[in-house]
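Asker: model this:
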Amino acid sequence: DVAMVLDHVIALPAAHDAIVDATERSIRWAARCQQHASKQDQSLFAIVQGGLDAGLRVDCACRLAELDFAGYAIGGLSVGETPEEMYRTLDAVCPALPTGRPRYLMGVGTPRDLLEAVGRGVDMFDCVMPTRNGRNALAFTDQGALRLRNLRHAEETRPLDPDCPCPACRHSRGYLRHLFAAGEMLGPILLSIHNLTYYQRLMAAARDAIEQDRFLEFKAEKLAGWE
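Answerer: Numbers count the residues shown, from 1 in each chain. Below is the predicted model of the structure:
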């Protein structure tokens, strides 16, 4: 069981003073949460804030590390900044976090975002993207995202992914498109299951690649397939 401290997520863009104020408040709240934590079987995670300011982020991470939390989350990202801005922020923050403690990137993200973050030292993620996109007829695959509402899928007999074990991949792309066109609830259910399965398999493969010391090669292969 994991509990998160309270934090102040500030909307960007924002004035520097406002970002500093929100970051300081987040650190104070983290310390107070830690003082009042009472459950012995519950891990308390701190949350690093600081907007896109690398210096603020590193300072926040170092000060939270001194408080010795069970894990560390990186918050306030994937809220409108570019992917490159997010990756630069991770480049700054991750080396400042303690080794041997879980690193959790909140609210992220696309398959590419996951691999980019893993390569920078992130361990854990949460995101609505697999199910939100599944409800809207978008399926993630190793060949990129498929938008099943497109007419070109209407008579397509292939599955989303012949190697995927999920229930959706027992059916053709054309049939899945028909479910959405007909307003059948089964369509969003099947695509949500498929996307969750895809994410789980992607992360399992990433773990295997790390153990085999070939993560960079694995990442390059995946990125090439998604282009």
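
Asker: top helix in this structure by residue count?
Answerer: Taking DSSP state H as the criterion, the chain has its longest helix at helix 186-211.

Asker: now for the next helix or strand after that one, which elements pack on it?
Answerer: Next along the chain after helix 186-211, taking DSSP states H and E as the criterion, comes helix 215-226. Packing partners of helix 215-226 (3 or more CB pairs under 8 Å, 6 or more residues apart in numbering; DSSP states H and E): helix 111-119, helix 186-211. Where C-beta positions appear, they are placed from N, C-alpha and C, glycine not excepted.

Asker: Now the longest helix of the chain: average pLDDT?
Answerer: Mean per-residue pLDDT for helix 186-211: 98.

Asker: now swap in stretch 1-19 and tell me
Answerer: Mean per-residue pLDDT for stretch 1-19: 94.

Asker: Residue 47 in helix, strand or coil?
Answerer: Under DSSP: H, G, I helix; E, B strand; the rest coil, residue 47 falls in the strand class.

Asker: ok, it to residue 74 distance?
Answerer: According to CB to CB, to the nearest Å, residue 47 stands 8 Å off from residue 74.

Asker: hey, what's in contact with both of these two?
Answerer: residue 106 (CB atoms under 8 Å, 6 or more residues apart in numbering).

Asker: about what we covered before: need the winner for burial among the helices and strands packed on helix 215-226.
Answerer: Neighbour counts (mean count of other CB atoms under 10 Å) averaged over each of the helices and strands packed on helix 215-226 peak at helix 111-119, with a mean of 21.

Asker: can you pull the pLDDT of residue 79?
Answerer: 89.

Asker: how about stretch 78-90: buried residues?
Answerer: 78, 81, 86, 87, 89, 90 (16 or more other CB atoms under 10 Å).

Asker: Quick check: chain neighbours aside, which residue is closest to residue 101?
Answerer: residue 71 (5.4 Å; CB to CB, 6 or more residues apart in numbering).

Asker: Pull the contacting residues for the one you found.
Answerer: The contact partners of residue 71, by CB under 8 Å, 6+ apart, come to 2, 43, 45, 46, 101, 102, 103, 104, 124.

Asker: Next, it: phi, psi?
Answerer: When read as degrees, to the nearest 10, the backbone of residue 71 gives phi -160, psi 170.

Asker: Relative to residue 129, how far out is residue 108?
Answerer: Taking CB to CB, one finds residue 108 at 9 Å from residue 129.

Asker: ah, wrong one, I meant residue 21
Answerer: In terms of CB to CB, residue 21 sits 31 Å off from residue 129.

Asker: How about residue 215?
Answerer: Distance check for residue 215 against residue 129: by CB to CB, it reads 22 Å.

Asker: can you check residue 169 too?
Answerer: For residue 169, the distance to residue 129 equals 19 Å [CB to CB].

Asker: again with residue 81
Answerer: Residue 81 is 16 Å from residue 129, where distance means CB to CB.

Asker: neighbour count winner among residue 21 and residue 129?
Answerer: Using other CB atoms under 10 Å, the more surrounded residue of residue 21 and residue 129 is residue 129, with 21 against 14.

Asker: my guess is that one meets residue 109, correct?
Answerer: Yes: here residue 129 reaches residue 109: they are 6.6 Å apart, a contact under CB atoms under 8 Å.

Asker: in this structure, which spans are helices?
Answerer: 16-36, 54-66, 83-93, 111-119, 129-135, 173-181, 186-211, 215-226.
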